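1. sequence and computational prediction follow.
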Amino acid sequence: MRAFNRWLLDPHRPPLVMGILNLTPDSFSDGGQFCDIDHAVDHVGQLIAEGADWIDIGGESTRPGAVRVSAEEQIRRIVPVLRALRTRRANTLISVDTSLATVAEAALGDGANVINDVSAGRDDPAMFPLLARSGAAAILMHMQGQPATMQVAPRYDDVVAEICTFLSERVDAAEFAGIDRARLLVDPGIGFGKTVDHNLELLRRLREFRRLERPLVLGTSRKGFIAKVTGDSDPHRLFGTAATIAWSIANGADVVRVHDLAAMSQVVRMVRAIQNQGPSSGGLPPFADT
């Protein structure tokens, strides 16, 4: 993925839209929909057609209250789909959402390009050595606690300062383990051990994360704090999500992780056109095949 490598090194990188493929029976908004291989591959094709620059595949739900899934079960869910995607859509940029090194190793062996670790390497001490050996890129995310308990009274003195410090320390730890700093992205973990006020504060002060000098990933799509602000009973929370995506791109997010690709890719492109004074300088590089 030479284009992705160039993007990582580009200080003026355009924002990317990450599409979500959940291979789990219990994800909060689309659990169980794409467990069939053909259905999953077809869905990826639809996501790409609607504007996805890369696809994030998950075999374990990390919604609030979720219980852990074994490495063996995650591999059973993820690897067949990865193999099918590499056969039918060889150029698709793919990340795999896991915090277990054995899952990451299997995924990288079958064509994943990026590991999206919600624990930032803390859940499995073998993760950073694996990433160092493989040369893969990785997303390091902040989460207070574990999915099963993370929304039980989360507390911070200064949520932005504390998460910036955490992410800086995890990037340093990854680099000390032998991972090229240039291949690391960071995610403040909206909704992962945060109250509504914490999430809003993170968004309000998003530009402060630029001091980490790493590409910034944001996942606000359909999250519960949006419904609490807007009162929207629709689980898609489309308009509230669109507002958070527009705000995130305008305030420096490099990657937005979204469910509703057709709508949110338009939001991203519109914000980019405003920033660049016209559509000709907007648009995203063609990492994914079409």
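-> Great, that's in hand.

2. what's the next secondary structure element after the longest strand that the chain contains?
-> The strand spanning the most residues in the chain, taking DSSP state E as the definition, is strand 16-22. Remark: after strand 16-22, the chain's next helix or strand is helix 37-49, criterion DSSP states H and E.

3. and the angle from that next one to strand 16-22?
-> With axes from the mean of the first three to the mean of the last three C-alpha atoms, to 10 degrees defining the directions, helix 37-49 sits at 160 degrees from strand 16-22.

4. what's helix 37-49 packed up against?
-> strand 16-22, strand 54-58, helix 71-88 (3 or more C-beta pairs under 8 Å, 6 or more residues apart in numbering; DSSP states H and E). The way it works is simple: take the backbone N, C-alpha and C, and place the C-beta from them, glycine included.

5. give me the buried positions along that helix.
-> In terms of neighbour count (16 or more other C-beta atoms under 10 Å), helix 37-49 has its buried residues at A40, V41, H43, V44, G45, L47, I48.

6. show me where the stretch 101-250 of the chain has strands.
-> Remark: strands assigned in the stretch 101-250 of the chain by DSSP state E, counting those that start in this stretch are 114-117, 137-141, 184-187, 217-218.

7. export those to a markdown table and tack on mean neighbour count and distance to A52?
-> Output for the strands of the stretch 101-250 of the chain, formatted as a markdown table (neighbours: other C-beta atoms under 10 Å; distance: least, C-beta to C-beta, whole Å):
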| stretch | mean neighbour count | distance to A52 |
| --- | --- | --- |
| strand 114-117 | 26 | 14 |
| strand 137-141 | 25 | 16 |
| strand 184-187 | 24 | 17 |
| strand 217-218 | 26 | 14 |
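
8. so for F209, which of those sits nearest?
-> Nearest to F209 among the strands of the stretch 101-250 of the chain is strand 184-187; the distance by C-beta to C-beta comes to 7.1 Å.

9. the closest residue to L140 other than its chain neighbours: neighbour count?
-> Nearest non-adjacent residue to L140, counting by C-beta to C-beta, 6 or more residues apart in numbering: A120, 3.9 Å away. Neighbours of A120 under the rule other C-beta atoms under 10 Å: 26.

10. alright, I will stop here.
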